[in-house]
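**Q** below are the sequence and a predicted model for it; my questions follow.
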Amino acid sequence: MGSIDYNREADYNPDSLPAPLGPLDSASPQDPAPQSPEELKEENRKIRRLQMVVNMVTQVIAQDSSLSVEEASEMVADTRRLALGMFPDKELAFNLIYWPRLQRLMRERFRMQ
């Protein structure tokens with residue numbers, strides 16, 4: 001493995017750097033309108049609710065020894081429907097954040113492949 005010489009200036013060319021981005025809070029024509037404090041409060045409330053639901057579902061699946069795989073699968077599907085009902089345009093976020101956790105739990109709990 002080679003080492004990096006951080007004091008070397010030969011490779012530095014400020015003209016090759018990308019243009020800086022504007023402020024993160026500036027709205028572009030494609031961005032939705034900024035949220036009001038009430039809308040932010042409501043969104044945070046829904047996020048906390050979804051987190052609680054997912055946590056409860058994961059606990060039930062992990063700890064209830066009488067739960068069948070069909071019942072657990074139905075709970076996972078219901079959780080997904082709830083999340084998409086609360087946040088209809090955030091399916092990708094659910095698939096990236098919660099879906100892997102639920103899949104891993106189902107594999108571990110029911111020895112699935």
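**A** That came through, no problem.

**Q** spatially central residue for the protein, please.
**A** What sits nearest the mean C-alpha location of the chain, by Cα atoms, centre = their mean, is Ile97, with 3.3 Å.

**Q** quick one, phi/psi of that residue?
**A** For Ile97, the backbone dihedrals are phi -90, psi -50 (criterion: degrees, to the nearest 10).

**Q** which ones are touching it?
**A** For Ile97, the contact set (Cβ atoms under 8 Å, 6 or more residues apart in numbering) is empty. Yep, even glycine has a C-beta here, placed from its N, CA and C like the rest.

**Q** can you give me the separation between it and Gln63?
**A** 22 Å (Cβ to Cβ, to the nearest Å).

**Q** now do the buried residues in stretch 60-75.
**A** Using 16 or more other Cβ atoms under 10 Å as the test for burial, stretch 60-75 gives 61, 72, 75.

**Q** now flag whichever of those residues is closest to Leu40.
**A** For the buried residues of stretch 60-75, the residue nearest Leu40 by Cβ to Cβ is Met75; the value is 29.8 Å.

**Q** tell me the SS of the closest one?
**A** Assigned by DSSP: H, G, I helix; E, B strand; the rest coil, the conformation of Met75 is helix.

**Q** pLDDT below threshold where in the chain?
**A** In the predicted model, the chain carries pLDDT under 70 at residues 1-32, 113.

**Q** what's the neighbour count on Leu50?
**A** Neighbourhood size, Leu50 [other Cβ atoms under 10 Å]: 19.

**Q** could you do Arg80 as well?
**A** Using other Cβ under 10 Å, Arg80 has 17 other residues around it.

**Q** what do you get for Val57?
**A** So Val57, with other Cβ under 10 Å, has 19 neighbours.

**Q** do Thr58 as well
**A** Neighbour number of Thr58 under other Cβ under 10 Å is 19.
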